[in-house]
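Q: Quick one: sequence plus predicted model below, questions after.
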Amino acid sequence: MPGRGFSDWFAALDSLSSVTSPLPRSLAAFTLVLALPGLACSGSIEEGKTSVPTGGAMGSPPVVGGGGQAPGGTNPTPGTGAPPTTTTPPTPAGACALPPRRIWKLTPVQYGRAIEAVFPGRAKLVGAGDRIAASLGDPGGFSNRADALSMTGPHVTQILKTSFEIANEVGAAPESLVPCLPAGAKDAACVRTLVTTYAPRAFRRDLSDAEITSITGFVSRQIAGADLRTGVQQFFLYLFSSPNFLYRTELGPDGSQAGAVSLTAFEKASALSFFLGDGPPDAQLLAAARSGALDKPEGVAAQTRRLATSAESAPGLMRFLRESLSLDLVRASRKDVMVYPAWTDGIAGALADESERFVRHVLWQDGGKLSTLLTAEYSLLDSKLASYYGVAAPAGAGFAKVSFPSGQRAGLFTQAAWLAAKADDDDTAPVRRGLFLREHLLCEKVPDPPATVNAVPPQPDGKRTQRERLATHSADVTCAGCHDLMDPIGLSFETYDGVGRYRTMDVGKTIETAGTITLGGGRRNFDDAVALMKILAAAPEVSRCFVATAFRYAHGRSPDEGGRDQCALDRLSTAFGKSDGNIIDLAVALTTDETFFARQ
């Protein structure tokens with residue numbers, strides 16, 4: 001969008017200053033401006049070109065409902081300026097280079113947490129992200145994909161509606177915001193206190209004196225032209241509809257600088273926090289940014305480890321594992337009650353919670369290794385889930401570590417949550433189970449079936465086992481090439497039925513689970529899913545795949561394997577191997593790698 005920028009966005013909003021209708025009535029005009037082509041930004045920069053606009057500062061407050069002029073544009077402060085609209089030369093194949101500069105819109109969850117960070121403890125504002133989530137739709141893949149977080153018309157509308165609601169809520173009682181309101185409402189020093197208290201929280205950085213003066217003048221004019229509540233509401237409407245709030249930047253201190261740049265200290269703080277915490281930086285991280293601690297790898301590592309000390313302080317890390325390992329999919333599973341009469345939504349939710357507890361336990365109480373996630377022969381169960389699994393209940397009430405019978409289960413993918421989520425409503429689905437593990441543990445893409453092939457799997461007939469029904473795949477040369485990648489893996493899980501319960505018989509026949517898998521150019525034999533998971537847990541291919549997946553989540557984009565990102569992937573894979581597959585150590589390796597804070 002050459003020549004169009006965030007300054008154009010707000011200049012357009014400034015043109016609404018003559019609108020005198022109440023806030024809700026002006027929403028349509030406000031929305032129209034943000035949805036204009038070229039003004040709403042997708043939040044990402046495509047390879048080979050930049051769509052980040054040029055121009056002035058990211059943040060002249062909008063004027064909606066009258067009450068004076070918005071402050072004019074100011075020079076960009078560190079972390080807010082936009083780079084020139086130039087064409088980035090493509091990276092030669094096989095060469096390693098830094099990723100391009102970009103802006104990155106907050107996800108609905110991050111938006112909600114950013115609102116809560118501005119007003120800690122206000123219960124009515126908890127869950128604000130839920131209000132805008134439905135308007136975004138399913139981005140596919142990870143929920144934080146930068147290229148999928150676009151500013152569509154419905155999404156802009158919902159963001160602005162939510163901004164109005166929040167502004168009205170917090171502006172209804174100005175006296176609760178800063179001690180000098182409302183008595184000192186016409187006092188510029190009091191208004192400045194309001195601005196310096198809340199704007200840095202919303203923008204996740206310190207503001208320049210020019211910005212503070214500009215916004216203070218804007219709020220003072222709003223109060224003088226209307227009343228205290230309206231002026232305060234206008235201030236918060238500005239904050240929560242500003243690109244400074246809605247977007248993260250990865251631009252560096254000078255948007256006009258060519259070549260490689262390092263992110264500003266506050267951009268670094270945001271990058272760390274939104275990766276690990278799935279929300280804005282906390283006070284300690286902002287203090288580290290101000291002190292210069294984030295300019296040193298050891299300072300970044302220290303903050304990464306601090307944030308990654310628990311599931312509560314690292315919800316972003318948990319979201320990565322939840323989404324990459326499909327921990328929550330079982331909640332939406334529906335089963336045929338004639339086949340699985342014991343299945344209920346309550347069981348589905350309990351199984352999802354089990355997987356979540358198990359992951360947390362492995363990460364923060366049992367060494368944090370990927371291999372443990374894949375092979376541990378225990379889980380965290382209460383008496384209800386123990387009964388479901390057919391194992392002895394733990395002593396006492398609540399959840400406790402319970403070991404499964406030797407050789408019966410190993411890790412997440414033999415727990416009932418994943419098994420049920422990857423099964424049909426009335427049967428197992430070995431092809432689906434095998435496909436998931438092939439693509440998500442080994443990062444190997446299995447081609448879609450040809451259009452001329454009937455891809456519907458053979459249906460249960462009460463006579464043949466799954467292995468017998470799927471034998472048609474290996475007998476058909478058209479199908480065998482792909483199904484050889486999936487079927488042996490999936491069939492090893494046949495001792496678990498469509499709701500994840502252990503069994504040894506199917507249709508009156510003993511289940512056969514043995515198979516082979518090719519890894520590292522050689523074929524490996526396995527007897528069952530437990531043996532297969534132990535093979536995969538030790539496979540370098542699985543380790544490299546996990547690293548690439550973690551890179552994709554941390555950076556919000558797919559890595560360019562074999563190209564620009566290969567150097568980083570090689571470094572990260574080496575570090576992951578040296579740590580014996582420790583996931584917290586991988587997070588540190590990601591955040592201290594040059595690609596995390598440096599841009600072209």
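A: Nice, I can see it.

Q: The residue most central in space within the chain and residue 584, how far apart?
A: For the chain, residue 144 is the residue whose C-alpha lies nearest the centre (CA atoms, centre = their mean; 3.7 Å). Noted for residue 144: a distance of 20 Å to residue 584, by CB to CB, to the nearest Å. From N, CA and C alone the C-beta is placed, and that goes for glycine too.

Q: List the buried residues of the helix or strand that contains residue 544.
A: Per DSSP states H and E, residue 544 falls inside helix 540-555. Within helix 540-555, the residues that count as buried by 16 or more other CB atoms under 10 Å are 542-555.

Q: hang on, isn't the residue nearest to the centre of the chain packed against residue 553?
A: Yes - between residue 144 and residue 553 there is a contact under CB atoms under 8 Å: 6.8 Å.

Q: how many other residues sit next to residue 257?
A: By other CB atoms under 10 Å, the residues close to residue 257 number 14.

Q: Secondary structure class of it, three-state.
A: coil (DSSP: H, G, I helix; E, B strand; the rest coil).

Q: And for residue 379?
A: Going by three-state DSSP: residue 379 is strand.

Q: where's the residue nearest to it when sequence neighbours are not counted relative to residue 584, distance?
A: Distance criterion CB to CB, 6 or more residues apart in numbering; nearest residue to residue 379, sequence neighbours excluded, is residue 358 at 5.2 Å. Applying CB to CB, the value for residue 358 to residue 584 is 16 Å.

Q: Of those two, which one has the most company?
A: Taking other CB under 10 Å, residue 358 and residue 584 do not tie; residue 358 has more neighbours (25 against 19).

Q: Show me the helices in the stretch 151-300 of the chain, by range?
A: 153-171, 188-203, 209-225, 228-241, 243-246, 265-276, 283-291, 297-307 (DSSP state H, counting those that start in this stretch).

Q: Let me know the angle separating the fourth one from helix 188-203.
A: Helix 228-241 runs at 30 degrees relative to helix 188-203, counting by axes from the mean of the first three to the mean of the last three CA atoms, to 10 degrees.

Q: Could you name the helices and strands sitting against helix 228-241?
A: helix 153-171, helix 188-203, helix 209-225 (3 or more CB pairs under 8 Å, 6 or more residues apart in numbering; DSSP states H and E).

Q: so how far is the last one off the chain centroid?
A: For helix 209-225, the gap between its own C-alpha mean and the chain's C-alpha mean amounts to 35 Å (CA atoms, centre = their mean, to the nearest Å).

Q: ok, now the shortest one?
A: Between the centre of helix 188-203 and the centre of its chain there are 30 Å (CA atoms, centre = their mean).

Q: quick one: contacts of it?
A: 59, 114, 117-118, 177-178, 180-181, 184-185, 206-207, 211-212, 215-216, 219-220, 223, 232, 235-236, 239-240, 242, 244-245, 280 (CB atoms under 8 Å, 6 or more residues apart in numbering).

Q: list the buried ones in stretch 552-565?
A: So for stretch 552-565, counting by 16+ other CB under 10 Å, buried means 552, 553, 554, 555, 556, 557, 559, 560, 563, 564, 565.

Q: Of those residues, just say which sits nearest to residue 132.
A: Nearest to residue 132 among these, counting by CB to CB, is residue 556 at 18.1 Å.

Q: Leaving out sequence neighbours, find the closest residue to the closest one.
A: Residue 556 sits nearest to residue 146 (CB to CB, 6+ apart), 3.9 Å away.

Q: got the buried residues for stretch 472-479?
A: Under 16+ other CB under 10 Å, the buried positions of stretch 472-479 are 473, 479.
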